[in-house]
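A.B. asks: fold the stuff below for me.
(2 chains)
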Protein chains: 2
Amino acid sequence: MDCFFTFVSATNLAFIVLTKNQINFITSLQRKAIRAENNLFVVEGVKMVEEVIQSALKIDSIYATSDWINANSSILFSFTFEPIIVSDKELQRISSLSNPNEVLAVCVMKQTDFSVQKCKNRLTLFLDNIQDPGNLGTIIRIADWFGVQNIVCTTDTVDVYNPKVIQATMGSFLRVNVLYKSLDTLLKEANLLEIPIYGAALNGENLYSTVNLDKGIIVLGNESKGISNEILKLCSTKISIPCFSTDSNSGPDSLNVAVAAGIICSEFNRRNIKMNE
Amino acid sequence: MDCFFTFVSATNLAFIVLTKNQINFITSLQRKAIRAENNLFVVEGVKMVEEVIQSALKIDSIYATSDWINANSSILFSFTFEPIIVSDKELQRISSLSNPNEVLAVCVMKQTDFSVQKCKNRLTLFLDNIQDPGNLGTIIRIADWFGVQNIVCTTDTVDVYNPKVIQATMGSFLRVNVLYKSLDTLLKEANLLEIPIYGAALNGENLYSTVNLDKGIIVLGNESKGISNEILKLCSTKISIPCFSTDSNSGPDSLNVAVAAGIICSEFNRRNIKMNE
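C.D. replies: Got it, this is the predicted structure:
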């Protein structure tokens, strides 16, 4: 029976008690190694799972309360598997959230092709060792807003499929590709292709008055250490967001990396509109 | 003996085992009502406590590992109280962090005067019901970077002295005043004083092409609901950050509120430099 909900209304379904193995498997997907091994990850919450269903992302399984299944029976018609009804207590046991929200989907990781050619005449973000899941998630959301299709990360950057990253993207992980590569190899190729590479650094050119902000690669570094020296050397321009702190003796050290990403992407887009006017 | 460390080196001090009452009191400061009742809050971690010591903020007590006290004996000379040496295990018990970092200070809340007059010809942020502690902390850090001295919040906004807010400010709470007031009363006064009021909204004027961005009040709203209708009505200009998403059907709904705050503060400062050139 491929299409369960064409025959049986969810209200008639009995609760299926999840086995210990099922619970262990779903919670084990909170670990990067297990996700990689199974090519699966978890998306939670009403809004995000509904976006997943409407996207091209392949879903492996859905665990939801009977309320959610009843409310969504119309969109569940096309499913080739049976969503599993869980109690609130069971949802709590499989969820990574402190307040689980009705539904959890186990999804198949997407595969994305990438070549440096794709960075020509468009904004691409390169992330060097970003550690905080909230920061990566917020950067993916910023990329989505500012038309950045690809984010390339060093392999020591936090995993995009970490549940906290997925939650912080607010669904933007569906529209932005996130890849893990050796950045220095790609940056050397980009230099050969004359793609501009901007490194966000504390001692760079003033972002507002940098003469050329032609679209290219923007590199952002680790929360406390910034961009590593090896990668910074490969940037054609270092850019900085000017500080306007009123305290000249002991002002702030830096901006949050996601906020910096937002300000820089905004300025590139603003300038490129102006140039096209 | 007022100045303990002038007489006794920390290496000679015995560990004082914290009483259950002391532990309960410090952890109870994670709750807003207890903080308000005692006018006290907690700052944690080496970097931030060192900034607190060098600031004008009054410290009530310090709990630290012997390593930290030995490393900081020179700056502890001026203290009028004895820092309390704790074991790593005790620090773990009183800390709100999953990985406590050597030192915890109990500090006295600062009092700040505020009048709407202070919003004339300078940037001030008004926050309507911001709920996420990380967002408020990041907005305080942004304010510090962009020379915003005062942030005024609705009383239902998350408390600035919440430990997660304090941690996310990275020390900027020392340089930015955060007050809790009825925003509509203040906005009516600001209108009478002809102070411009900009409300960040999804259907406002394009931030990049809004003709006048004279310094004034910037209002930012709740993470999911935005600015409430009552407050939005009092804004003289609604402004929006243009979306450049490549997906015209199902793009992102919004930017994170702290990222939006960063982009808007950046644009105001950029324009005001240009105007003064």
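
A.B. asks: residue A:21: how many residues sit nearby?
C.D. replies: If you count neighbours by other CB atoms under 10 Å in any protein chain shown, residue A:21 ends up with 8. Glycine gets a C-beta too; all of them are placed from N, C-alpha and C.

A.B. asks: residues touching whichever residue of the stretch 1-150 of chain A sits closest to chain B, list them.
C.D. replies: Of all residues in the stretch 1-150 of chain A, residue A:147 sits closest to chain B, with a separation of 3.8 Å (CB to the nearest CB). With CB atoms under 8 Å, 6 or more residues apart in numbering or on different chains as the criterion, the residues that contact residue A:147 are A:122-123, A:269, B:244-246.

A.B. asks: now for the residues you listed: which two are most distant?
C.D. replies: By the measure CB to CB, the contacts of residue A:147 have their two most distant members at A:122 and B:245, which lie 13.3 Å apart.

A.B. asks: and stretch A:68-78, end to end?
C.D. replies: Criterion CA to CA, to the nearest Å; first-to-last residue distance in stretch A:68-78 is 16 Å.

A.B. asks: run the contact check for it versus chain B.
C.D. replies: No - for a cut-off given as CB under 8 Å from any CB of the partner chain, stretch A:68-78 has no contacts with chain B; the smallest distance is 14.3 Å.

A.B. asks: okay, helices next: where are they in chain A?
C.D. replies: Read by DSSP state H, chain A holds these helices, from start to end of the chain: A:20-28, A:32-38, A:46-54, A:66-71, A:88-94, A:133-145, A:163-169, A:183-192, A:229-232, A:257-276.

A.B. asks: mean pLDDT for the ones you listed: which is lowest?
C.D. replies: Of all the helices of chain A, helix A:257-276 carries the lowest average pLDDT, namely a mean of 89.

A.B. asks: show me what contacts the residue nearest to residue A:237 when sequence neighbours are not counted?
C.D. replies: Nearest in space to residue A:237, with sequence neighbours left out and distances taken as CB to CB, 6 or more residues apart in numbering or on different chains, is residue A:198 at 5.1 Å. Contact partners of residue A:198, counting by CB under 8 Å, 6+ apart, are A:213, A:216-219, A:235-239, A:264.

A.B. asks: hey, what's residue A:198 bridged with?
C.D. replies: For residue A:198, the residues forming beta bridges with it (DSSP bridges) are residue A:218, residue A:237.

A.B. asks: any idea how far it lies from chain B?
C.D. replies: With distances defined as CB to the nearest CB, to the nearest Å, the gap from residue A:198 to chain B amounts to 16 Å.

A.B. asks: per-residue confidence for the residue of the stretch 1-150 of chain A closest to chain B?
C.D. replies: Note for residue A:147: predicted pLDDT of 96.

A.B. asks: ok, now the one 5 residues further on?
C.D. replies: Looking at residue A:152, its pLDDT reads 98.

A.B. asks: that one against residue A:125, yeah?
C.D. replies: Yes - counting by CB atoms under 8 Å, residue A:152 sits close enough to residue A:125 to count as a contact (7.4 Å).

A.B. asks: number of residues surrounding the nearest residue to residue A:144 once chain neighbours are set aside?
C.D. replies: Among residues not flanking residue A:144 along the chain, residue A:172 sits closest, at 3.6 Å (CB to CB, 6+ apart). Here the neighbour count serves as a burial measure; for residue A:172 (other CB under 10 Å) it reads 24.

A.B. asks: what does residue A:195 give?
C.D. replies: Residues within reach of residue A:195, counting by other CB under 10 Å, total 23.

A.B. asks: residues contacting it?
C.D. replies: Taking CB under 8 Å, 6+ apart as the definition of contact, the neighbours of residue A:195 are A:116, A:119-120, A:216-217.

A.B. asks: as JSON lines, the residues you listed with neighbour count and pLDDT would be great.
C.D. replies: Supplementary listing: the contacts of residue A:195 in JSON lines, determined by neighbours: other CB atoms under 10 Å in any protein chain shown; pLDDT from 0 to 100:
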{"residue": "A:116", "neighbour count": "20", "pLDDT": "97"}
{"residue": "A:119", "neighbour count": "26", "pLDDT": "97"}
{"residue": "A:120", "neighbour count": "13", "pLDDT": "96"}
{"residue": "A:216", "neighbour count": "22", "pLDDT": "96"}
{"residue": "A:217", "neighbour count": "26", "pLDDT": "98"}
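
A.B. asks: chain B contacts on the stretch 151-277 of chain A?
C.D. replies: Near chain B, when you scan the stretch 151-277 of chain A using CB under 8 Å from any CB, you find A:170-172, A:175, A:208, A:241-247, A:250-256, A:258-263, A:266-267, A:269-270, A:273-274.

A.B. asks: try 7 Å this time
C.D. replies: Contacts of the stretch 151-277 of chain A with chain B, taken as CB under 7 Å from any CB of the partner chain, map to A:170, A:172, A:175, A:208, A:241, A:243-247, A:250-252, A:255-256, A:258-259, A:262-263, A:266, A:269-270, A:273.

A.B. asks: tell me how many other residues crowd residue A:206.
C.D. replies: Burial of residue A:206, expressed as a neighbour count using other CB under 10 Å, amounts to 12.

A.B. asks: and it, what are its bridge partners?
C.D. replies: For residue A:206, the beta-bridge assignment (DSSP bridges) gives partners residue A:240.

A.B. asks: if you skip the residues just before and after it, what's nearest to residue A:51?
C.D. replies: Counting by CB to CB, 6+ apart, the residue nearest residue A:51 is residue A:171, at 4.4 Å.

A.B. asks: is it true that the one you found touches residue A:48?
C.D. replies: Yes - here residue A:171 reaches residue A:48: they are 5.3 Å apart, a contact under CB atoms under 7 Å.

A.B. asks: between these two, which has more neighbouring residues?
C.D. replies: The residue with more neighbours, out of residue A:171 and residue A:48, is residue A:171; 24 against 20, by other CB under 10 Å.

A.B. asks: need the per-residue pLDDT for the more buried one.
C.D. replies: The predicted local confidence for residue A:171 is 96.

A.B. asks: distance of it from residue B:83?
C.D. replies: According to CB to CB, to the nearest Å, residue A:171 and residue B:83 sit 48 Å apart.

A.B. asks: ok, residue A:96 next?
C.D. replies: Applying CB to CB, the value for residue A:96 to residue B:83 is 38 Å.

A.B. asks: equivalent analysis for residue A:224, please.
C.D. replies: With distances defined as CB to CB, the gap from residue A:224 to residue B:83 amounts to 26 Å.

A.B. asks: and if you look at residue A:168?
C.D. replies: Using CB to CB, one obtains 37 Å as the distance from residue A:168 to residue B:83.

A.B. asks: what of residue A:209?
C.D. replies: Shown here: residue A:209 relative to residue B:83, a distance of 47 Å by CB to CB.

A.B. asks: now swap in residue A:226 and tell me
C.D. replies: According to CB to CB, residue A:226 stands 33 Å off from residue B:83.

A.B. asks: ends of stretch A:59-79, how far apart?
C.D. replies: Chord length of stretch A:59-79, first to last residue, is 9 Å (CA to CA).

A.B. asks: if you count neighbours, what's buried in it?
C.D. replies: Of the residues in stretch A:59-79, those buried under the neighbour-count criterion (16 or more other CB atoms under 10 Å in any protein chain shown) are A:59, A:62-65, A:68-69, A:72-73, A:76, A:79.
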